[in-house]
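Novice: my questions concern the predicted model and sequence given below.
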Amino acid sequence: MKMENARMIKLKGIITSDWHLRSQLPRCRKDENWIETQKNAIEQIYKYAKKYNCNVFIVGDIFHSHSETTVEVIQIVQNLAKKLKKLGLKLYLLAGNHDLLYHSSENIEKSAVGILLKSDNIFPISSYSEDVSAGNFDEETENKEIIFKHVLVFPDVKSLPPNVDAITAKELLSEYSNAEWIFTGDMHKNFHYEKNGRHVVNPGCLIREVSDMKDYKNGCYFVDTESEIVERLEIKDDEEFVDDSYILKEKEKTDRIEKFANKLKETKDISLDFISNVESAVKQNKLSAELVDTIEELLEV
(Lines give C-alpha, C1' and ligand atoms only; values in the text may rest on other atoms or scores of the structure.)
Protein backbone atom coordinates (compact mmCIF):
# COMPACT_ATOMS: atom_id res chain seq x y z
CA MET A 1 0.00 0.00 0.00
CA LYS A 2 1.46 3.33 -1.06
CA MET A 3 1.43 6.62 0.79
CA GLU A 4 -1.63 8.70 -0.09
CA ASN A 5 -1.06 11.33 -2.79
CA ALA A 6 2.61 10.28 -3.04
CA ARG A 7 4.31 10.96 -6.38
CA MET A 8 6.46 8.02 -7.38
CA ILE A 9 9.93 9.08 -8.49
CA LYS A 10 11.44 6.71 -11.01
CA LEU A 11 14.75 5.10 -10.18
CA LYS A 12 16.06 1.94 -11.79
CA GLY A 13 19.52 0.76 -10.81
CA ILE A 14 21.99 -1.63 -9.26
CA ILE A 15 22.29 -0.64 -5.59
CA THR A 16 25.59 -1.58 -3.97
CA SER A 17 27.74 -0.37 -1.07
CA ASP A 18 30.74 -1.00 1.17
CA TRP A 19 33.24 -2.10 -1.45
CA HIS A 20 36.18 -1.25 0.84
CA LEU A 21 38.63 -1.44 -2.04
CA ARG A 22 42.27 -1.58 -0.98
CA SER A 23 45.63 -2.66 -2.29
CA GLN A 24 46.67 -4.60 0.83
CA LEU A 25 45.29 -8.10 1.35
CA PRO A 26 42.91 -8.21 4.36
CA ARG A 27 44.05 -10.35 7.26
CA CYS A 28 41.39 -13.00 6.73
CA ARG A 29 41.94 -13.44 2.98
CA LYS A 30 44.16 -15.97 1.20
CA ASP A 31 43.78 -14.73 -2.38
CA GLU A 32 46.85 -15.04 -4.57
CA ASN A 33 45.93 -11.81 -6.37
CA TRP A 34 43.75 -9.53 -4.24
CA ILE A 35 43.49 -6.83 -6.90
CA GLU A 36 42.08 -9.37 -9.37
CA THR A 37 39.59 -10.59 -6.74
CA GLN A 38 38.25 -7.05 -6.36
CA LYS A 39 38.16 -6.54 -10.13
CA ASN A 40 36.20 -9.76 -10.50
CA ALA A 41 33.56 -8.64 -7.98
CA ILE A 42 33.12 -5.30 -9.73
CA GLU A 43 32.94 -7.04 -13.12
CA GLN A 44 29.88 -8.85 -11.74
CA ILE A 45 28.35 -5.46 -10.87
CA TYR A 46 28.98 -4.36 -14.46
CA LYS A 47 27.34 -7.51 -15.88
CA TYR A 48 24.25 -6.95 -13.75
CA ALA A 49 24.05 -3.32 -14.93
CA LYS A 50 24.33 -4.52 -18.52
CA LYS A 51 21.70 -7.23 -18.01
CA TYR A 52 19.16 -4.86 -16.49
CA ASN A 53 20.26 -1.85 -18.58
CA CYS A 54 20.51 0.44 -15.57
CA ASN A 55 22.85 2.79 -13.71
CA VAL A 56 24.97 1.76 -10.73
CA PHE A 57 24.67 3.46 -7.32
CA ILE A 58 27.35 2.99 -4.61
CA VAL A 59 26.07 3.99 -1.14
CA GLY A 60 29.38 4.77 0.58
CA ASP A 61 32.68 3.24 1.64
CA ILE A 62 33.98 2.72 -1.86
CA PHE A 63 37.49 2.54 -0.37
CA HIS A 64 38.75 1.08 2.88
CA SER A 65 40.85 4.14 3.71
CA HIS A 66 40.77 7.81 2.76
CA SER A 67 44.56 8.06 2.72
CA GLU A 68 46.06 4.73 1.65
CA THR A 69 44.24 4.21 -1.65
CA THR A 70 46.59 3.56 -4.56
CA VAL A 71 46.21 4.66 -8.17
CA GLU A 72 45.69 1.02 -9.15
CA VAL A 73 42.70 0.73 -6.82
CA ILE A 74 41.17 4.05 -7.94
CA GLN A 75 41.44 2.90 -11.54
CA ILE A 76 39.29 -0.14 -10.78
CA VAL A 77 36.33 2.20 -10.22
CA GLN A 78 37.24 4.50 -13.11
CA ASN A 79 37.37 1.53 -15.49
CA LEU A 80 33.88 0.46 -14.40
CA ALA A 81 32.61 3.95 -15.20
CA LYS A 82 34.22 3.82 -18.65
CA LYS A 83 32.59 0.49 -19.44
CA LEU A 84 29.20 1.73 -18.25
CA LYS A 85 29.53 4.80 -20.46
CA LYS A 86 29.83 2.58 -23.55
CA LEU A 87 26.41 1.19 -22.63
CA GLY A 88 24.95 4.66 -22.13
CA LEU A 89 24.86 4.12 -18.35
CA LYS A 90 26.29 6.10 -15.42
CA LEU A 91 28.04 5.46 -12.11
CA TYR A 92 26.72 7.39 -9.11
CA LEU A 93 28.31 7.37 -5.68
CA LEU A 94 28.13 8.65 -2.13
CA ALA A 95 31.12 8.91 0.21
CA GLY A 96 31.12 6.92 3.45
CA ASN A 97 32.99 7.21 6.73
CA HIS A 98 35.97 5.15 5.47
CA ASP A 99 36.25 7.42 2.44
CA LEU A 100 36.59 10.72 4.28
CA LEU A 101 39.34 12.33 6.33
CA TYR A 102 38.09 12.90 9.90
CA HIS A 103 34.74 11.47 8.76
CA SER A 104 33.78 14.85 7.33
CA SER A 105 32.37 15.58 3.87
CA GLU A 106 34.22 18.91 3.99
CA ASN A 107 37.40 16.93 3.29
CA ILE A 108 36.12 15.11 0.23
CA GLU A 109 38.55 16.98 -2.04
CA LYS A 110 41.42 15.43 -0.07
CA SER A 111 40.15 11.89 -0.63
CA ALA A 112 40.15 9.25 -3.36
CA VAL A 113 36.40 9.82 -3.73
CA GLY A 114 37.20 13.42 -4.62
CA ILE A 115 39.37 12.10 -7.44
CA LEU A 116 36.57 9.84 -8.63
CA LEU A 117 34.07 12.70 -8.75
CA LYS A 118 36.39 14.49 -11.18
CA SER A 119 36.61 11.40 -13.38
CA ASP A 120 34.64 10.67 -16.53
CA ASN A 121 31.10 9.29 -16.10
CA ILE A 122 31.18 9.32 -12.28
CA PHE A 123 28.65 11.51 -10.50
CA PRO A 124 27.46 12.27 -6.95
CA ILE A 125 24.15 10.53 -6.24
CA SER A 126 22.60 13.88 -5.35
CA SER A 127 22.90 14.90 -9.02
CA TYR A 128 20.66 12.05 -10.20
CA SER A 129 17.41 13.97 -9.77
CA GLU A 130 16.04 16.94 -7.86
CA ASP A 131 13.68 14.49 -6.19
CA VAL A 132 16.54 12.36 -4.87
CA SER A 133 18.51 13.33 -1.78
CA ALA A 134 21.88 11.92 -0.74
CA GLY A 135 23.68 12.71 2.48
CA ASN A 136 26.80 11.32 4.07
CA PHE A 137 26.64 9.61 7.45
CA ASP A 138 27.32 12.91 9.21
CA GLU A 139 24.91 15.08 7.22
CA GLU A 140 21.25 15.88 7.44
CA THR A 141 19.27 14.63 4.47
CA GLU A 142 16.41 16.59 2.95
CA ASN A 143 12.93 15.09 2.97
CA LYS A 144 12.72 13.67 -0.53
CA GLU A 145 10.88 10.62 -1.79
CA ILE A 146 14.12 8.73 -2.47
CA ILE A 147 17.04 9.01 -0.04
CA PHE A 148 20.57 7.60 -0.11
CA LYS A 149 22.33 7.72 3.24
CA HIS A 150 25.46 6.10 4.67
CA VAL A 151 24.28 5.28 8.16
CA LEU A 152 24.43 2.19 10.37
CA VAL A 153 20.94 0.71 10.27
CA PHE A 154 19.63 -2.76 11.17
CA PRO A 155 16.43 -4.48 10.02
CA ASP A 156 14.89 -4.74 13.50
CA VAL A 157 15.47 -4.33 17.23
CA LYS A 158 16.51 -7.96 17.66
CA SER A 159 19.44 -7.55 15.28
CA LEU A 160 20.78 -4.40 16.97
CA PRO A 161 24.09 -5.21 18.72
CA PRO A 162 24.61 -3.85 22.25
CA ASN A 163 26.45 -0.57 22.83
CA VAL A 164 26.45 0.38 19.15
CA ASP A 165 25.29 3.73 17.77
CA ALA A 166 22.75 2.50 15.24
CA ILE A 167 19.04 2.62 14.41
CA THR A 168 16.43 0.28 12.96
CA ALA A 169 14.87 0.49 9.51
CA LYS A 170 11.53 1.36 11.09
CA GLU A 171 13.10 4.27 12.97
CA LEU A 172 14.77 5.49 9.78
CA LEU A 173 11.45 5.56 7.93
CA SER A 174 9.90 7.46 10.84
CA GLU A 175 12.71 10.01 10.74
CA TYR A 176 12.21 10.66 7.02
CA SER A 177 8.43 10.57 6.79
CA ASN A 178 8.28 11.74 3.16
CA ALA A 179 10.60 9.04 1.87
CA GLU A 180 9.20 6.02 0.05
CA TRP A 181 12.64 4.53 -0.64
CA ILE A 182 15.76 4.77 1.52
CA PHE A 183 18.98 3.15 0.34
CA THR A 184 21.68 2.74 3.00
CA GLY A 185 25.28 1.64 3.39
CA ASP A 186 27.61 0.92 6.35
CA MET A 187 25.96 -2.24 7.72
CA HIS A 188 27.75 -5.08 5.95
CA LYS A 189 24.89 -7.58 5.88
CA ASN A 190 22.09 -7.14 3.38
CA PHE A 191 18.41 -6.68 4.13
CA HIS A 192 15.25 -5.28 2.56
CA TYR A 193 12.68 -3.86 4.97
CA GLU A 194 9.23 -2.93 3.68
CA LYS A 195 6.21 -1.49 5.46
CA ASN A 196 3.09 0.02 3.90
CA GLY A 197 4.74 0.42 0.52
CA ARG A 198 7.82 2.13 1.96
CA HIS A 199 11.25 0.51 1.70
CA VAL A 200 14.70 0.47 3.29
CA VAL A 201 17.27 -1.38 1.17
CA ASN A 202 20.74 -2.13 2.54
CA PRO A 203 22.91 -4.05 0.04
CA GLY A 204 25.70 -5.12 2.42
CA CYS A 205 29.39 -5.50 1.59
CA LEU A 206 30.74 -6.39 -1.85
CA ILE A 207 33.44 -8.82 -0.68
CA ARG A 208 33.96 -10.63 2.63
CA GLU A 209 36.89 -8.97 4.39
CA VAL A 210 36.41 -10.24 7.95
CA SER A 211 36.58 -13.86 9.06
CA ASP A 212 33.26 -13.96 10.93
CA MET A 213 31.48 -13.44 7.59
CA LYS A 214 32.99 -16.58 6.06
CA ASP A 215 29.54 -18.07 5.38
CA TYR A 216 27.92 -14.81 4.29
CA LYS A 217 26.69 -14.49 0.70
CA ASN A 218 27.76 -11.16 -0.81
CA GLY A 219 25.56 -9.30 -3.21
CA CYS A 220 23.80 -6.20 -4.42
CA TYR A 221 20.22 -5.30 -5.36
CA PHE A 222 18.43 -4.50 -8.58
CA VAL A 223 15.72 -1.97 -7.76
CA ASP A 224 12.99 -0.50 -9.96
CA THR A 225 10.98 1.94 -7.84
CA GLU A 226 8.27 2.41 -10.45
CA SER A 227 7.45 -1.31 -10.55
CA GLU A 228 8.42 -1.78 -6.88
CA ILE A 229 10.89 -4.52 -7.80
CA VAL A 230 13.62 -5.37 -5.31
CA GLU A 231 15.76 -8.30 -6.43
CA ARG A 232 18.74 -9.62 -4.51
CA LEU A 233 21.71 -10.43 -6.78
CA GLU A 234 24.62 -12.57 -5.60
CA ILE A 235 28.26 -11.54 -5.99
CA LYS A 236 30.36 -14.69 -6.18
CA ASP A 237 33.28 -14.65 -3.74
CA ASP A 238 35.12 -17.94 -3.26
CA GLU A 239 34.65 -19.12 0.33
CA GLU A 240 37.98 -20.99 0.34
CA PHE A 241 39.82 -17.66 0.25
CA VAL A 242 38.34 -16.55 3.61
CA ASP A 243 40.52 -17.75 6.49
CA ASP A 244 39.35 -17.78 10.12
CA SER A 245 42.26 -19.83 11.52
CA TYR A 246 43.94 -16.79 13.08
CA ILE A 247 40.80 -16.19 15.16
CA LEU A 248 41.14 -19.69 16.60
CA LYS A 249 44.84 -19.08 17.30
CA GLU A 250 44.05 -15.84 19.13
CA LYS A 251 41.40 -17.62 21.19
CA GLU A 252 43.89 -20.35 22.10
CA LYS A 253 46.38 -17.65 23.10
CA THR A 254 43.78 -15.89 25.24
CA ASP A 255 42.88 -19.17 26.93
CA ARG A 256 46.57 -19.80 27.74
CA ILE A 257 46.91 -16.32 29.24
CA GLU A 258 43.80 -16.81 31.39
CA LYS A 259 45.12 -20.16 32.55
CA PHE A 260 48.42 -18.59 33.53
CA ALA A 261 46.65 -15.72 35.31
CA ASN A 262 44.91 -18.27 37.51
CA LYS A 263 48.26 -19.94 38.21
CA LEU A 264 49.72 -16.57 39.12
CA LYS A 265 47.09 -16.16 41.83
CA GLU A 266 48.23 -19.43 43.37
CA THR A 267 51.91 -18.45 43.48
CA LYS A 268 53.29 -18.42 47.02
CA ASP A 269 56.13 -15.91 46.68
CA ILE A 270 54.48 -12.60 45.82
CA SER A 271 56.45 -9.35 45.49
CA LEU A 272 55.57 -5.83 44.37
CA ASP A 273 57.46 -6.46 41.14
CA PHE A 274 55.01 -7.81 38.54
CA ILE A 275 57.71 -9.32 36.32
CA SER A 276 59.25 -11.06 39.33
CA ASN A 277 55.82 -12.47 40.18
CA VAL A 278 55.44 -13.81 36.66
CA GLU A 279 58.89 -15.37 36.62
CA SER A 280 58.23 -16.94 40.00
CA ALA A 281 54.96 -18.42 38.77
CA VAL A 282 56.70 -19.87 35.73
CA LYS A 283 59.26 -21.60 37.95
CA GLN A 284 56.68 -22.98 40.41
CA ASN A 285 54.23 -24.37 37.84
CA LYS A 286 54.56 -26.92 35.09
CA LEU A 287 53.57 -24.91 32.05
CA SER A 288 53.30 -25.95 28.43
CA ALA A 289 55.93 -24.72 25.96
CA GLU A 290 53.23 -22.75 24.11
CA LEU A 291 52.20 -20.94 27.30
CA VAL A 292 55.81 -20.13 28.23
CA ASP A 293 56.35 -18.69 24.73
CA THR A 294 53.22 -16.59 25.11
CA ILE A 295 54.34 -15.26 28.49
CA GLU A 296 57.80 -14.38 27.21
CA GLU A 297 56.23 -12.60 24.25
CA LEU A 298 54.04 -10.53 26.58
CA LEU A 299 56.93 -9.63 28.86
CA GLU A 300 58.89 -8.29 25.91
CA VAL A 301 56.12 -5.86 24.92
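Specialist: Received, thanks.
Novice: just give the number of residues close to I42.
Specialist: I42 has 21 neighbours, counted by other C-beta atoms under 10 Å. Heads up, the C-betas are built off the backbone N, CA and C, glycines and all.
Novice: hmm, W19 and it touching each other?
Specialist: Yes: I42 is in contact with W19 according to C-beta atoms under 8 Å; the separation is 7.5 Å.
Novice: between those two, what contacts are shared?
Specialist: L206 (C-beta atoms under 8 Å, 6 or more residues apart in numbering).
Novice: contacts only, for D18.
Specialist: So D18 contacts 59-61, 96, 185-186, 188, 203-206 (C-beta under 8 Å, 6+ apart).
Novice: which SS state does I58 fall under?
Specialist: I58 falls in the strand class when you classify it by DSSP: H, G, I helix; E, B strand; the rest coil.
Novice: quick check: chain neighbours aside, which residue is closest to it?
Specialist: Closest residue to I58 apart from its sequence neighbours, by C-beta to C-beta, 6 or more residues apart in numbering: L93 at 4.2 Å.
Novice: who's in contact with the one you found?
Specialist: L93 neighbours (C-beta under 8 Å, 6+ apart): 57-58, 60, 62, 113, 116-117, 122-125.
Novice: and the gap between the spatially closest residue to V210 that is not a sequence neighbour and Q78?
Specialist: Of all residues not flanking V210 in the chain, C28 sits nearest, at 5.9 Å (C-beta to C-beta, 6+ apart). Using C-beta to C-beta, to the nearest Å, we find C28 at a distance of 27 Å from Q78.
Novice: show the model's pLDDT score for the closest residue to Y128 other than its chain neighbours.
Specialist: In space, and not counting its chain neighbours, Y128 is closest to Y92: 5.7 Å by C-beta to C-beta, 6+ apart. Per-residue pLDDT puts Y92 at 97.
Novice: do the same with V56
Specialist: In this prediction, V56 carries a pLDDT score of 98.
Novice: and the gap between it and L89?
Specialist: 7 Å.
Novice: got any residues that touch both of the two?
Specialist: What both V56 and L89 touch, as defined by C-beta under 8 Å, 6+ apart, is the set A49.
Novice: compare the two (neighbour count), which wins?
Specialist: Of the pair V56 and L89, V56 is the one with more neighbours under other C-beta under 10 Å, namely 23 against 20.
Novice: can you pull the pLDDT of D165?
Specialist: Each residue has a pLDDT score; the one for D165 is 89.
Novice: contacting residues around it?
Specialist: L152.
Novice: on that earlier part again, any chance of the contacts of D18 in TSV, plus distance to W34?
Specialist: Shown next, in TSV, are the contacts of D18 (distance: C-beta to C-beta, whole Å):
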residue	distance to W34
V59	23
G60	21
D61	17
G96	20
G185	22
D186	23
H188	18
P203	22
G204	20
C205	15
L206	13
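Novice: list the buried ones in the one helix or strand L84 maps to?
Specialist: Secondary structure assignment for L84, by DSSP states H and E: helix 71-86. Buried residues in helix 71-86, counted by 16 or more other C-beta atoms under 10 Å: 73-74, 76-78, 80-81, 83-84.
Novice: any chance of these in JSON lines, with pLDDT too?
Specialist: Below are the buried residues of helix 71-86 laid out as JSON lines (pLDDT from 0 to 100):
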{"residue": "V73", "pLDDT": "91"}
{"residue": "I74", "pLDDT": "92"}
{"residue": "I76", "pLDDT": "95"}
{"residue": "V77", "pLDDT": "95"}
{"residue": "Q78", "pLDDT": "96"}
{"residue": "L80", "pLDDT": "98"}
{"residue": "A81", "pLDDT": "97"}
{"residue": "K83", "pLDDT": "98"}
{"residue": "L84", "pLDDT": "98"}
